[in-house]
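Visitor: fold the following.
(2 chains)
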Amino acid sequence: MAESVLSGRIWILSDQRGNLIEDIDTDQIYHNAHLHITDIAKMGEYALGNLEGWKDFFEKACPGDLLIAGRNFGAGSSRQQAVDCFIALKIGAILSPSFGAIYFRNAVNSGFPVLRCPEVEQLVHSGILETGDEVRIHFLSGDAQIINRAVSFHVFPMSEVQYEIYRVGNLYNYGKERY
Amino acid sequence: MGQTIIEKIIQSHSQEEAKAGKIVWMDLDIRSARDFGGPNVVLNYEREYGDIAVAEKEKTFFTFDLCVPACSLKYADNQQICREFARKQGLKIYDVDRGIGSHVLAEEGLVSAGSTVVGTDSHMNILGALGCFGQGMGDVDITFAFRTGKTWFEVPETLKVEIEGKASRPSAPKDITLYILKELGTKIASLKAVEFYGEAVKNLTLAGRFTLCSMITEMAGIIGFIPETDESLREEILHLTQREYFPVQADLDAEYTDTVKINIGGLSPQVSAPYSPENVFPVNELKGTRIDSGFIGSCTNGRTEDFAAAARILEGKRVKDGVMLKVVPSTRRVYKELLEQGFLETLFASGAIISNPGCGGCAEGHIGLTGEGEVQISTGNRNFAGKQGKGKTYLASPEVVAASCVAGAVVNPEDV
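Guide: Got it, this is the predicted structure:
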């Protein structure tokens, strides 16, 4: 069963000046040229493959790593592959001040933790949160810590539906319990 | 406390109290999948549910519009995966000849005001133009919807947008849309339903409403509605969908998160510059930008009226040598109307390349792609980096695109 507390090493999706990149759309996350691929295991190498400065992410990411993204992450198309590519890389969770509506649902339905966290803008801007830091998040309370700096912050707790889908793995399993 | 339009629509499809911020289960009147997303829906479905029948086959459809007819082996395979599943399950397919799914569903009378429709198209919320809660979803959601006819949804908060003033000329709906997008950006309407009021939007035809409502997606919103209406619009919708139009109205004491006023007084043609749709400028500020190609079509500007507007500009003129103008009607029905009304001939005579209906200009799989260094001006809805290729895409109305193709550079239609 999935744990309600997750820890992992942070990647901050920032530009060359160190600012969080906002409005990253699904074509930058997973380009439409690869939409014909239906095997999740083959999607990892295209993750962030059209985002300037991050095209080698699939080589650098390790299982369990967490991503911090700028606001409106996953804008654009409805493609599930833009979530699946991170599942393929075994990324632990994505935190952003806000997500594209469809992207958020797609992630929730796949049992992939996406967490709204307006505080990351300030934490990144002030240099308190940096790539390589170790973060722990409690999905139900929303309490979070930067472990190596002993700094606390908050994420929006998962809703009941999001947590239950995450707990049982995906929307299908959740539906089987209800319908 | 009264209810907003989205609260009322969801309320009429749910057993739970549909209040903004609450997650409820709701019934879906129509569930659809495209040739993009659809193959994954089939794979998911057969893995999870095997041979169990879909919830209601008369409410479940495939619409092929992304790569039509297939021009790559992979899409040919993917479409056939959907066809075989549809045959087995007894589902109707609007196949590669029909055009953009959201428009086809409307033309088939499957969309009505107050109904709920989902599909694997992020611009499914374009159906807000018909007072319908349309919503694009990923393949996991749609698989589940095929099986159960239901989905979970967080009832969105609603933003009220009052459009004031009058544009300086018979302005294109795209100009109004791009200006609203510039004003709202991707923050103000984020994750919200939007209700638009005011004379300028009340007077929009159905084609104009499609344009505005389609770009709610680029505003990061959930759905947009234009509740004010008149007799000519009701007739237009009756003609298109064969259904009477009774749009759901918000209660007088409905609760909005905010009211935003946008004044479009004196609005001139607007153009969105790369690489973000809300990066909008008056056309005069971008005038003279050299272009290699133009595109007219997409779910945003793919109705007969849109091509007619372009044809009026191109009448008796030629697309400049060295410029490619690509024209893609949204549906077979639009194609037929353009043929019958002579607009296709005008466009052809001007030098335009005319393709069969579909989702051209938006993604790989159809015409409207750009090579490195190429500059395109398009009536589409997105110009993100790399979306249509390595070139740059500007977004504008059919009038501006047509005029720019004559001039070989971004231009105000009045100057051609």
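Visitor: quick one: buried residues of the helix or strand of chain A with the lowest mean pLDDT?
Guide: Across the helices and strands of chain A, the lowest-confidence element by mean pLDDT, DSSP states H and E is helix A:171-178, at a mean of 88. Buried positions in helix A:171-178, judged by neighbour count with 16 or more other Cβ atoms under 10 Å in any protein chain shown: A:171-172, A:174-175. C-beta coordinates here come from the backbone N, C-alpha and C atoms, glycine included.
Visitor: likewise stretch B:378-394?
Guide: B:378-389, B:391-394.
Visitor: C-alpha coordinates for stretch B:256-274, PDB please?
Guide: The C-alpha trace of stretch B:256-274 is given here as PDB (Å, rounded to 0.1, in the frame of the first residue of the first chain):
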ATOM      1  CA  TYR B 256     -18.600  34.600  -7.900                       C
ATOM      2  CA  THR B 257     -15.000  34.600  -6.800                       C
ATOM      3  CA  ASP B 258     -14.500  37.800  -8.600                       C
ATOM      4  CA  THR B 259     -15.900  40.200 -11.200                       C
ATOM      5  CA  VAL B 260     -13.500  41.500 -13.900                       C
ATOM      6  CA  LYS B 261     -14.400  44.200 -16.300                       C
ATOM      7  CA  ILE B 262     -12.600  44.300 -19.600                       C
ATOM      8  CA  ASN B 263     -13.100  47.300 -21.900                       C
ATOM      9  CA  ILE B 264     -12.700  46.500 -25.600                       C
ATOM     10  CA  GLY B 265     -13.600  50.100 -26.700                       C
ATOM     11  CA  GLY B 266     -11.800  50.900 -30.000                       C
ATOM     12  CA  LEU B 267     -10.200  47.400 -30.100                       C
ATOM     13  CA  SER B 268      -8.100  46.900 -33.300                       C
ATOM     14  CA  PRO B 269      -7.000  43.500 -34.700                       C
ATOM     15  CA  GLN B 270      -4.800  41.600 -32.200                       C
ATOM     16  CA  VAL B 271      -2.000  39.200 -32.700                       C
ATOM     17  CA  SER B 272      -0.400  36.800 -30.300                       C
ATOM     18  CA  ALA B 273       3.400  36.400 -30.600                       C
ATOM     19  CA  PRO B 274       5.500  33.400 -29.800                       C
END
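Visitor: now tell me what touches whichever helix or strand B:K174 is part of from outside.
Guide: Assigned by DSSP states H and E, B:K174 falls within helix B:173-184. With contact meaning Cβ atoms under 8 Å, 6 or more residues apart in numbering or on different chains, helix B:173-184 is reached by B:161, B:163, B:167, B:200-201, B:204-205, B:207-209, B:211-212, B:215, B:218-219, B:260, B:262, B:264, B:267-272, B:277-278, B:280, B:300-301, B:379, B:395-398, B:400.
Visitor: quick revisit: so does the least confident helix or strand of chain A get close to chain B?
Guide: Yes: Helix A:171-178 comes into contact with chain B (Cβ under 8 Å from any Cβ of the partner chain), by way of A:171-172, A:175.
Visitor: what helices or strands is that helix leaning on?
Guide: helix A:160-168, helix B:139-148 (3 or more Cβ pairs under 8 Å, 6 or more residues apart in numbering or on different chains; DSSP states H and E).
Visitor: ok, which of the ones you listed comes nearest B:G119?
Guide: helix B:139-148 (7.1 Å; Cβ to Cβ).
Visitor: next SSE downstream of the closest one?
Guide: Assigned by DSSP H and E, the successor of helix B:139-148 is strand B:150-154.
Visitor: OK, contacts around the closest residue in space to A:G44 that isn't next to it in sequence?
Guide: In space, A:G44 comes closest to A:A88 once its chain neighbours are excluded; the distance is 3.5 Å by Cβ to Cβ, 6 or more residues apart in numbering or on different chains. The contact partners of A:A88, by Cβ under 8 Å, 6+ apart, come to A:40-44, A:47.
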